[in-house]
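Engineer: just a sequence and a predicted model for now, questions to come.
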Number of protein chains: 2
Amino acid sequence: MKSSIEKTKLPRLAILGAGGLGAEMLVLLQKRLCANVVALADKSGFVFNGQGLNTLDCLEGLVREKKVSGILGAQASDNSIEELLDLNAQNIDAIFYALPNLPNEFIPNITKQIIHNSAFEGVIVDALKRTTAVKLLHSLDSELKNRKILYLTGCGATPGMLTAAASLAAQSFIEITNIEITFGVGIANWQAYRATIREDIAHLEGFSVEKVNNMSEAEIDAELEKRNGILELVDMEHADDIMLELAGICSADKVKVGGIVDTRSAKKPISTNVKITGITYQNKVSTHTFTLGDETTMAANVNGTVLGYLNAGLHLRQEYGVYGLKTAAEIMPRFQPVLVKTAKELLV
Amino acid sequence: MKSSIEKTKLPRLAILGAGGLGAEMLVLLQKRLCANVVALADKSGFVFNGQGLNTLDCLEGLVREKKVSGILGAQASDNSIEELLDLNAQNIDAIFYALPNLPNEFIPNITKQIIHNSAFEGVIVDALKRTTAVKLLHSLDSELKNRKILYLTGCGATPGMLTAAASLAAQSFIEITNIEITFGVGIANWQAYRATIREDIAHLEGFSVEKVNNMSEAEIDAELEKRNGILELVDMEHADDIMLELAGICSADKVKVGGIVDTRSAKKPISTNVKITGITYQNKVSTHTFTLGDETTMAANVNGTVLGYLNAGLHLRQEYGVYGLKTAAEIMPRFQPVLVKTAKELLV
């Protein structure tokens, strides 16, 4: 079936950010044909081709120069996202933010820029992690609705698949007493995920977002060395809490997120899981558990879920006119790609 | 918060069927205020009150006479569903089928009757189990759309919550190789679930739907006695398969459902779970697992999930005009109740 999908019928996707997740998304999309990547941008520049980018060219450029401006046909720019969208917004159906989470205002500010200064009308999906960022995005709900943009936030693994599992599992109960998310991440090539790891370090005791932002690469390396490459994270600021509160499952304070990240080994130090504890109408306390297979990587779980929500978002926006800000806890992701209808088809 | 919900703002629900599940739904709705039950019907008759039924009266009547016509204020009828809807369809926002699954045509035929002979426009939710019945319902999709009815099928535990978990978990993979659902059910008061157990026996080797339909109560009892009250069910005809196929997750033959039912003890003989195995884009085979807490009963998991889909269906229909047949694998259930808007509010 896969090979029979016409690339040009697939939604045209712009990937903003070309670090580990952005690059891996290009690889995933070769095997799960959900979108035709027409644009890639980072702070160095952007590349656009309305017929679809050449994935091999993109990966080759990223491997060689570690930035988008190194890709064949790319345009260097100090203002790449604005320039990309100025020129091509109407030829893009969906945007995936594979951008750093920090500072918290970063992604909300880019979204404001898209709302106010571009002609983009479509679906945006992110794999944001922090509560503060989701709160900022939530305040853009009515502006997004006015611009007919459907923005799906927190659509990675956690927040994302695990938050959605909690939302689903909650249905057995009349009250949720606590939701506990514990993730295990094993990273063999941590250099490719420096931004993610920097964010993780900000969750450690004695660290903060500000402090970590001011650390040099060498200081980050030294911190990892001191801990044998293992980061134990507890009570993290993770948007699962606000997403489950917005979905009406429980108050944010009942959601706890922690994890163990091993930056020296691809093997997960613990199986990623979410435990949903509640009280049934028959007054029993019980716990449902959703556990991810250890062989699935962070990239597979995050980007795979992003694609599921991308498909769902395109479907909901196209078929039913769903706009505004929604979270992974409110919507079922969709496995199969959505083919974008032309204006003519939409009128039928 | 719960007590502040005005009962008359809640969606008006008709429960068709008043066996174990129907009666337990009345109890659950006392604690999870999602709907105002205005009607109850079974083959003996129906009871309707546009302001909401008195739950205690209903339960008292059902306990005493084991049929709806025994409830204070009920009307005996040989054609109760048709009569109920003839008179009151426009005062009902949603219908829950707590009806027997057998024969397979039973629920599809009632649905046809509602489509063709009643003025009902709203949401229907079922907790159907059998593939054949879902296939029959699927053929009614366009008729349901024409009548602006949103019908959510397979919204119990399995099919239902576990099918949805499989749909969610699939996102980590590029291909699903198999989905295995194993349920454990412990029933202390199996006499209240005679219809369900009769259906389960039809799944045993050497039995069929037809054969079971022709068995007397005494023969059913003898069959249970012979097996010490334990039914081991393998490779069951369960609609999870067609639901996951319709949702584009995998072909129906990759979904297997089995379980162990202990009719002599409330303790589950095995934890109910679903295992989703697939191949990632990095060519790894892995399995995600979703396991239900043993303390949650079949009634809590089935009816709780039904309410989640009822809420979601009312929301999707009211806000976005979603109509037709959908399954639990396509939609995220919703924990919080949806307040029904008046025609005036809908126009704003």
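Structural biologist: Now that the structure is in, tell me what you want to look at. All figures in this text were calculated on a predicted structure; none of them were measured in a lab.
Engineer: residues in contact with the residue of the stretch 51-200 of chain A found nearest chain B?
Structural biologist: Taking CB to the nearest CB, chain B has its nearest neighbour within the stretch 51-200 of chain A at residue A:171, 3.7 Å off. (Glycine included, C-beta is placed from N, CA and C.) Contacts of residue A:171 were listed using CB atoms under 8 Å, 6 or more residues apart in numbering or on different chains, and they are B:161, B:304-305, B:307-308, B:333, B:335.
Engineer: ok, for it, nearest residue in space, not its chain neighbours?
Structural biologist: Nearest residue to residue A:171 in three dimensions, chain neighbours excluded: residue B:308, at 3.7 Å (CB to CB, 6 or more residues apart in numbering or on different chains).
Engineer: likewise for residue A:250?
Structural biologist: With sequence-adjacent residues excluded and distances taken as CB to CB, 6+ apart, residue A:250 is closest to residue A:176, at 4.0 Å.
Engineer: any idea how many residues pack against the one you found?
Structural biologist: Using other CB atoms under 10 Å in any protein chain shown, residue A:176 has 22 neighbouring residues.
Engineer: over to residue A:30?
Structural biologist: 13.
Engineer: now residue A:99
Structural biologist: 24.
Engineer: surely it is within a helix?
Structural biologist: No - the assignment for residue A:99 is coil, going by DSSP: H, G, I helix; E, B strand; the rest coil, so no helix is present there.
Engineer: hmm, back to that, take the contacts of residue A:171 and keep only those in helices.
Structural biologist: With helices identified by DSSP state H, the entries of the contacts of residue A:171 that belong to them are B:161, B:304-305, B:307-308.
Engineer: nearest to chain A, of these?
Structural biologist: Nearest to chain A among the ones in helices among the contacts of residue A:171, counting by CB to the nearest CB, is residue B:308 at 3.7 Å.
Engineer: mind listing what the closest one touches?
Structural biologist: Taking CB under 8 Å, 6+ apart as the criterion, residue B:308 is in contact with A:168, A:170-171, B:155, B:333-335.
Engineer: and if we set it to 10 Å?
Structural biologist: When the contact criterion is CB atoms under 10 Å, 6 or more residues apart in numbering or on different chains, the partners of residue B:308 are A:167-168, A:170-172, B:32, B:34, B:125, B:152, B:155, B:160-161, B:164, B:328, B:331-336.
Engineer: those in strands, which ones?
Structural biologist: Secondary structure from DSSP state E places B:125, B:152 of these in strands.
Engineer: now the contacts of residue B:308: which count as buried?
Structural biologist: Neighbour-count burial (16 or more other CB atoms under 10 Å in any protein chain shown) applied to these gives A:167-168, A:170-172, B:32, B:34, B:125, B:152, B:155, B:160-161, B:164, B:328, B:331-335.
Engineer: farthest pair within the ones in helices among the contacts of residue A:171?
Structural biologist: The most widely separated members of these, counting by CB to CB, are B:161 and B:307 (11.6 Å).
Engineer: need the overlap of contacts for these two.
Structural biologist: A:171, B:155, B:333.
Engineer: could the residues you listed be laid out in CSV, adding distance to residue A:139 and pLDDT?
Structural biologist: Rendered in CSV, the data for those read as follows (distance: CB to CB, whole Å; pLDDT from 0 to 100):
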residue, distance to residue A:139, pLDDT
A:171, 29, 98
B:155, 34, 98
B:333, 27, 98
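Engineer: so which of those is the closest to residue A:61?
Structural biologist: The shortest separation between residue A:61 and any of the shared contacts of residue B:161 and residue B:307 is 44.0 Å, and it belongs to residue B:333 (by CB to CB).
Engineer: spatially nearest residue to the closest one, not counting backbone neighbours?
Structural biologist: The spatial neighbour of residue B:333 that comes closest, neighbours along the chain excluded (CB to CB, 6+ apart), is residue B:308 at 2.7 Å.
Engineer: what about the helices in chain A?
Structural biologist: Taking DSSP H as the criterion, chain A carries its helices at A:20-31, A:55-65, A:80-88, A:106-117, A:131-138, A:141-146, A:161-169, A:194-201, A:209-213, A:217-226, A:240-246, A:298-320, A:343-347.
Engineer: residue B:262: which of those is closest?
Structural biologist: For the helices of chain A, the distance to residue B:262 is smallest for helix A:161-169, at 23.5 Å, taking CB to CB.
Engineer: that closest one versus helix B:298-320: what angle between them?
Structural biologist: 110 degrees (axes from the mean of the first three to the mean of the last three CA atoms, to 10 degrees).
Engineer: what about helix A:161-169 and chain B, touching?
Structural biologist: Yes - in terms of CB under 10 Å from any CB of the partner chain, part of helix A:161-169 sits within range of chain B, namely A:161-162, A:164-165, A:167-169.
Engineer: kindly report the same for stretch A:185-202.
Structural biologist: No - under the criterion of CB under 10 Å from any CB, stretch A:185-202 makes no contact with chain B; the nearest approach is 11.5 Å.
Engineer: determine how far the last residue of that stretch lies from the first.
Structural biologist: For stretch A:185-202, the separation between the terminal residues is 16 Å (CA to CA, to the nearest Å).
Engineer: and the average pLDDT for it is what?
Structural biologist: Here stretch A:185-202 scores 84 as its mean pLDDT.
Engineer: to the chain's geometric centre, what's the distance from it?
Structural biologist: In terms of CA atoms, centre = their mean, to the nearest Å, the gap separating the centre of stretch A:185-202 from the centre of its chain is 15 Å.
Engineer: which residue ends up closest to the midpoint of chain A in space?
Structural biologist: Centroid-nearest residue in chain A, with CA atoms, centre = their mean: residue A:127, separated by 1.5 Å.
Engineer: nearest residue to it other than its sequence neighbours?
Structural biologist: Residue A:127's closest residue in space is residue A:156 (CB to CB, 6+ apart), at 3.2 Å.
Engineer: measure how buried that neighbour is and give me the count.
Structural biologist: By the other CB under 10 Å criterion, the neighbourhood of residue A:156 contains 25 residues.
Engineer: residue contacts, it?
Structural biologist: Contacts of residue A:156 were listed using CB under 10 Å, 6+ apart, and they are A:21, A:125-129, A:162-163, A:239, A:298, A:301-306, A:309, A:328.
Engineer: look up how far residue B:311 lies from it.
Structural biologist: Look at residue A:156 and residue B:311: by CB to CB, to the nearest Å, they are 26 Å apart.
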